[in-house]
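Trainee: need a structure here:
(one chain, ligands or ions: 1)
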Amino acid sequence: MSTITGILGRPYLSLERHLDLGALDAVHEEICLGLTRVPVDYTGGSHRTMGIMPPSREPEAVVDYGEVIRAMSRDELVRFRDLADDPGSIDLDAPGELEFGEERAHPLSRRQMLYLKYRYRVYFPWKVYYELVPNLRWEDKHLATGKAFTREARAIFPRTVAFLKTLPFEAIGRANILGLEAHDHGTVHRDCDPAEGEPPAHFITLCPRGDKRLFLWDEEAREKVPVAGKAYWFHDGDYHGVDADPFFRYSIRVDGVFKQDFLAALRETAGPR
Ligand SMILES: [Fe+2]
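Mentor: Reported below is the predicted structural model:
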């Protein structure tokens, strides 16, 4: 039996016939050009420490920055802290464990990410990460309160922003561009634990060039289920990863709350398997 939870009885849902994707070619042109003009971050790199990898694939995360930072000597930690954007906010003598990285007390600065890569061989799968609608806490990613497309995103990616606003969301709580460099792979992980019983997070992934080889991972069968197309929704509590390819590719993920009529249309067309 498959360990993939899926969406509405299917491993994932293609959204291609539910969305008007006519603008995607122009969006693609704009994103490729725009990415040359904005500062980008890395993301990923500590999935094993976060405990979100399937056990059978944990060895693939060869160097995980959570483990690297835990193993640092005092001298190394001081050097590492000094590369933070705000070193004064990091008290190395505070009780408890120091937590760095995504969703932790101290996000990594660009310099810290680069240093982890150069000095400690940390692998960051997504080396082009750009937030169009920033979101602080993962559990709030569907909520629009206090959030907006950044001024920079509106200036550099106006067609993209306009297109994302046409998507069938009541509210958008998070939107970002996730790019993988040539030959890099996206480590297999899940974004939440389906055993907690929460309904699947509402989000749309757009891959304007349709060339990102996302797959769901069935841990029981040790099998990949390829996710094809330019627009889809999957259960992010299912393990997922990206196969390596010898070229750059990216997708856009938009989180929020779907409109009821969109959900109803999906339910109607998904039907029985
Ligand atoms: Fe993910």
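Trainee: what separates the residue nearest the centre of the chain from Y65, distance-wise?
Mentor: Residue closest to the mean C-alpha point of the chain, counted by C-alpha atoms, centre = their mean, is L178 at 6.3 Å. Applying C-beta to C-beta, to the nearest Å, the value for L178 to Y65 is 18 Å. Yep, even glycine has a C-beta here, placed from its N, CA and C like the rest.
Trainee: can you check E103 too?
Mentor: 13 Å.
Trainee: the more surrounded of these two?
Mentor: Remark: of E103 and Y65, Y65 carries more neighbours, 25 against 12, as counted by other C-beta atoms under 10 Å.
Trainee: helix/strand/coil for Y250?
Mentor: strand (DSSP: H, G, I helix; E, B strand; the rest coil).
Trainee: I figured it hits K212, correct?
Mentor: Yes - assessed by C-beta atoms under 8 Å, Y250 is found in contact with K212 at 6.9 Å.
Trainee: where do the contact lists of those two overlap?
Mentor: Residues touching both Y250 and K212 (C-beta atoms under 8 Å, 6 or more residues apart in numbering) are L180.
Trainee: What segments of the stretch 51-200 of the chain are helices?
Mentor: Remark: helices assigned in the stretch 51-200 of the chain by DSSP state H, counting those that start in this stretch are 65-70, 74-81, 110-120, 151-156, 158-165.
Trainee: List the buried residues of the first one.
Mentor: Neighbour-count burial for helix 65-70, counted by 16 or more other C-beta atoms under 10 Å, picks out 65-66, 68-69.
Trainee: Going by distance to L266, which of these wins?
Mentor: G66 (36.5 Å; C-beta to C-beta).
Trainee: got a list of what the closest one touches?
Mentor: Taking C-beta under 8 Å, 6+ apart, we find G66 in contact with 46, 48-50, 100-101.
Trainee: What separation do you get for it and R104?
Mentor: From G66 across to R104, the span is 9 Å (C-beta to C-beta).
Trainee: what do the two both touch?
Mentor: Joint contacts of G66 and R104 (C-beta under 8 Å, 6+ apart) do not exist.
Trainee: And the furthest pair within the buried residues of helix 65-70?
Mentor: So, these by C-beta to C-beta: farthest apart are G66 and V68, at 7.3 Å.
Trainee: just for the stretch 1-150 of the chain, where's the confidence low?
Mentor: Within the stretch 1-150 of the chain, the ranges that satisfy pLDDT under 70 run 1.
Trainee: Give me the pLDDT for the closest residue in space to P194 that isn't next to it in sequence.
Mentor: Nearest non-adjacent residue to P194, counting by C-beta to C-beta, 6 or more residues apart in numbering: G237, 3.5 Å away. G237 carries a pLDDT value of 96.
Trainee: ok, G237 - how many residues close by?
Mentor: Residues within reach of G237, counting by other C-beta under 10 Å, total 21.
Trainee: Correct me if wrong: it contacts I4.
Mentor: No - in this structure, G237 is not within contact of I4 by C-beta under 8 Å, at 9.8 Å.
Trainee: quick one on the thing from earlier: and the residue nearest to the centre of the chain, what does it touch?
Mentor: By C-beta under 8 Å, 6+ apart, the contact set of L178 is 43, 126, 128-129, 250-253.
Trainee: could you redo the last one with a cut-off of 10 Å?
Mentor: Listed by C-beta atoms under 10 Å, 6 or more residues apart in numbering, the contact set of L178 reads 43-44, 125-130, 186, 205, 207, 212, 242, 249-253.
Trainee: ok, back up a step: same list (the buried residues of helix 65-70) but as TSV, adding distance to Y120.
Mentor: Conversion of those to TSV gives the following (distance: C-beta to C-beta, whole Å):
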residue	distance to Y120
Y65	7
G66	12
V68	5
I69	9
